[in-house]
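# kindly generate the corresponding structure for this input.
(chains A and B)
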Amino acid sequence: MSVIGKSVARPDALDKVTGGKAYPVNFQLPGMLHGKLLRSPYPHAKILSIDTSAAEQLPGVKAVLTHHDVPQRKFTSVYFVPTDTKSLPQDLLIMSDHVRFAGQPVAAVAATSAEIAEQALELIEVDYEDLPAVFDPEEAMQAGAPQLHDGAENNIAVAPVMEFGDIEAGFAGADHIFEGTYTTQRAHTCYLEPRVCVAEYNGNDGYTINSSMQHLFGLREKLAFALEIPESNVRVIKPPYIGGGFGGKLDMSYIEPVAALLSRKSGRPVRMEHTRYEDFITTTRNPIKVYLKTGVKKDGTFTARYASSILDAGAHATHGAEVINVHGFAWLSSYHCENMKWEGKSVYTNNMIGGGYRGYGAPQACFAFESQNDEICETLGLDPIEFRKKNARQLGSAHPLVPGLTIDSYAMEEVLDRGAEAIGLAQRHPPGANGDGTTKRGIGMALFPFWVSGCVGFPDIYEHSGAIVKLNVDGTADVATASVDIGSGQITTLLQIAAEELGLPMAAMRMVDTSDTTTVPFDAPTHASRITYGSGLAIKAAAGEAKKRLLDVAGTMLEASPEDLEVVDGIVRVKGSPDTALTVADVASRAESPFIQFTDQGPAPTTLAEKGTIIGLSSMAPPSNPSPIAAGFVEVEVDTETGEVKVDRVVYSHDLGRVINPKGAEGQVEGGFQQGIGYALMEEIQFDPDSGTCLTGCFLDYKIPTAVEMPTQIESIFVESNEPTGPFGAKSMSEACVVVPAPAIANAIYNATGARLKDLPITPERVLAALGEL
Amino acid sequence: MKKLIELTVNGEHHEVAVTPEASLLNVLRGDLGLVGPKKGCDAGSCGCCSVHVDGKVVYSCMTYAVGAQGKEITTVEGIGHADDLHPLQQAFIDAGAVQCGYCTSGILMAAKQLLDTTPKPDEETIRHAIAGNLCRCTGYAKIVDAIKLAADRL
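As a prediction, the model looks like this:
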């Protein structure tokens, strides 16, 4: 292969190193107003009255909205499901008289400047009836707790149960039973570009929206639904790229519908941009408390596995009603066992709304099961690698999610062996035996044995993609897709796939950066590790169709059968006689030429069949949902006097099917571990226990790893199992590397100190408490 | 009440009317159309807005525009452009140091100050020099690589 597997430079990098002009945050329209939201200081309240008259009188204020002015149609904000889905509760309103979390918008202002809009907010008088609030999901399920939504008895939004085999018999047949409870915290994606949008009302119930988001068509669908207008009345502009997403921009937030309605009321475009504080209270990885019970034989074979998971959905279900299911899948699919049962609960509280975040329920699951697996191995004296190989799924066995499919690529053993070898797992010391005085060292590992390359098999989740590939007369190709580059390199990966299929060099490829929902086919969101596989297959199909037409025209010109032609590095040639050749530019020029061509011998007709732009179009769903396999290995240093944990070295081993861009893939791993280390050791959104107000609304209070906290050694090992259904053998990459760090670090801390930490984040206080020093 | 001030940015002279509390970042982005410096937190904690004032890297969100009068201000737009990249800009492309890129403008300015004063920094020095700039995509590994690469080429 000539382009696949090469670390080509990102086409978007040149703009980004010279100032980055194309971010949604830079988008402006003439006459644009600036909108701001007034947010409730109460976590649970009824609005008795709102007086906006003084705000409306302030010079520069052009429009004010309250719940009286917005449609009262309940919706789910989650992009990747149909708006009329039965899977997720429709429990959200653009604005409501019922406040369910501190920070919920209760009014909005559009003014000629952001400063005037902020001044106007201070002039709005709201009379609230303060209601009792509940912040703990287990308390929220108790009798007598405040009830937050009609129809959600005991505040339970959804309560999925999955079961197979005979769980009781499985536990009865176990030699040992292990139990544990593992808790995870609320963490923020910390995309650096704030959520921002510019909305313009076009008349006739129509709107145009520019937004920093992860799903073009999802925003169109959700906005139209909430505004009670036909879907095609909303036109969403595709940003050339956005400043980070990580799942945090996978749902419509309040600003898009509010900006749209403010634009309609004022007659001018309206821009709204979150402050960092607003971003911190907008979406989060849901906290989940997981109880695990596992039965094993003496040799480590699982006989029964039971889990129950309680997820804090916050004030509205949104992603929290789906994260719980994917979390359950991550646990159920992880290792083979004949007898399994899982009970999940997603619970309403008066906390902030949850959201999508890279891994989507899997980090919480993997932390629990890989912590417990380490405990099983340590207690029974089992080799951690052999234990995992014994229980993991196997190549050729049934796909745990999609009936009828099998696992067609699965290099689990190689992933484990190469990672263990690189870190020196076999040579590690027994727990607590490495280090002097107050400095202890340890090595730990975690396997994430089964995950996704998209959402095939999950009910109600969009999974089709489309693309347009068009050749130009100079031998270059333009590729158009609705798939949004959220920073992780979708533009590069997709262009490499198209280039390989077309036989063009990377320099000839260009991603169209000005498309919108009216000009490109539907594409599912940039999420669920799906772009390389799902969108990649659609790009490959469109490129394949363009190539077929290219070879048809070239066949006429070369007087050869198209089947006998190949395209290599921009040259169309007859297989076996490379001198009989044309450039792609020659062929594209011929196809685009007038019907009569001037030649050296004078005017000559070209054929009708040759005429027309060489173009390919696709819209399709992927055939499968192949699993990547990831293993993380870390070496840590624990200061037993201060409780501080430092990650010194990382080895990450991953079966991704085929590596498209090695440097890009490494970048995903290095960034993934940064987020995983932050999740393991320091990150937590915290609230005032009485008022429910966010206490960690800036980067001084919500700590994420800087260059100094990151390990200097991060080694990526890519195992290429060649997935038969994937584009050039590729599966998926970028979520698993966020999933494994926390359990690997917790297990390394156990190896260093003999203390088992079951609650995230593993702060110095928690380490000292576990060591009996607090 | 706005006040007319004079700013020298990337060698160009500007007169702008600003309020006393206007941040340099808002003036650069809003009044001068220099959108390279980015707003990531508006609180001096992410570094996306980093620019040079008299050769020293500052958070422009925490710098009053009125206080920058009479000083040389340099933004990322001032260190190179598409056909004439600064070696740091080229190295960021070559090393794969750019992902979402929202932090890139600021980190380039932090790195430039480092190389302006310490031409051959070791890794620890590099990491401390960019510790005031958050990146959420890269884990900093390829950013450190890029700065080393640029130092080698300079």
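
# send the alpha carbons of the least confident helix or strand in chain A by mean pLDDT over as PDB?
Across the helices and strands of chain A, the lowest-confidence element by mean pLDDT, DSSP states H and E is strand A:596-599, at a mean of 76. The C-alpha coordinates for strand A:596-599 follow below in PDB (Å, rounded to 0.1, in the frame of the first residue of the first chain):
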ATOM      1  CA  ILE A 596     -15.200  17.800 -29.900                       C
ATOM      2  CA  GLN A 597     -11.600  17.900 -29.000                       C
ATOM      3  CA  PHE A 598      -8.800  19.600 -30.900                       C
ATOM      4  CA  THR A 599      -6.000  17.300 -31.500                       C
END
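
# residues in contact with that strand: which ones?
Contact partners of strand A:596-599, identified using Cβ atoms under 8 Å, 6 or more residues apart in numbering or on different chains, comprise A:590, A:603-606. Where you see a C-beta, it was placed from the backbone N, CA and C, and this is true even at glycine.

# what of stretch A:159-175?
By Cβ under 8 Å, 6+ apart, the list of residues contacting stretch A:159-175 reads A:177, A:293, A:295-298, A:303-306, A:324-325, A:328, A:332, A:337-346.

# buried among the residues you listed? Need that as a selection in PyMOL.
Applying 16 or more other Cβ atoms under 10 Å in any protein chain shown to the contacts of stretch A:159-175 leaves a buried subset, and the PyMOL line that selects it is:
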select buried, chain A and resi 293+295+296+303+304+305+306+324+325+328+332+337+339+340+341+342+343+344+345+346
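
# and the strands in chain B?
For chain B, applying DSSP state E gives strands covering B:3-9, B:12-18, B:50-53, B:56-59, B:72-74.

# to A:Pro594, which of those strands lies closest?
Set against A:Pro594 and scored by Cβ to Cβ, the strands of chain B come closest in strand B:12-18, at 48.4 Å.

# flag every buried residue along the closest one.
Neighbour counts over strand B:12-18 (16+ other Cβ under 10 Å) mark B:14, B:16, B:18 as buried.

# any idea what sits nearest the residue of the stretch 551-700 of chain A found nearest chain B, other than its immediate chain neighbours?
Among the residues of the stretch 551-700 of chain A, A:Glu670 lies nearest to chain B; the distance is 3.4 Å by Cβ to the nearest Cβ. Nearest residue to A:Glu670, sequence neighbours excluded (Cβ to Cβ, 6 or more residues apart in numbering or on different chains): B:Gly139, at 3.4 Å.

# my read: that neighbour touches A:Gly676, true?
No. B:Gly139 is beyond contact range of A:Gly676, at 9.6 Å (criterion: Cβ atoms under 8 Å).

# and the longest helix that chain A contains, what does it pack onto?
Looking across chain A with DSSP state H, the single longest helix is helix A:536-558. Packing contacts for helix A:536-558, counted by 3 or more Cβ pairs under 8 Å, 6 or more residues apart in numbering or on different chains; DSSP states H and E, involve strand A:465-471, strand A:477-480, helix A:490-502, strand A:565-568, strand A:571-574, strand A:577-583, helix A:584-592, strand A:615-620.

# repeat the analysis, applying 7 Å as the threshold.
Using 3 or more Cβ pairs under 7 Å, 6 or more residues apart in numbering or on different chains; DSSP states H and E as the contact test, the elements touching helix A:536-558 are strand A:465-471, helix A:490-502, strand A:565-568, strand A:571-574, strand A:577-583, helix A:584-592, strand A:615-620.
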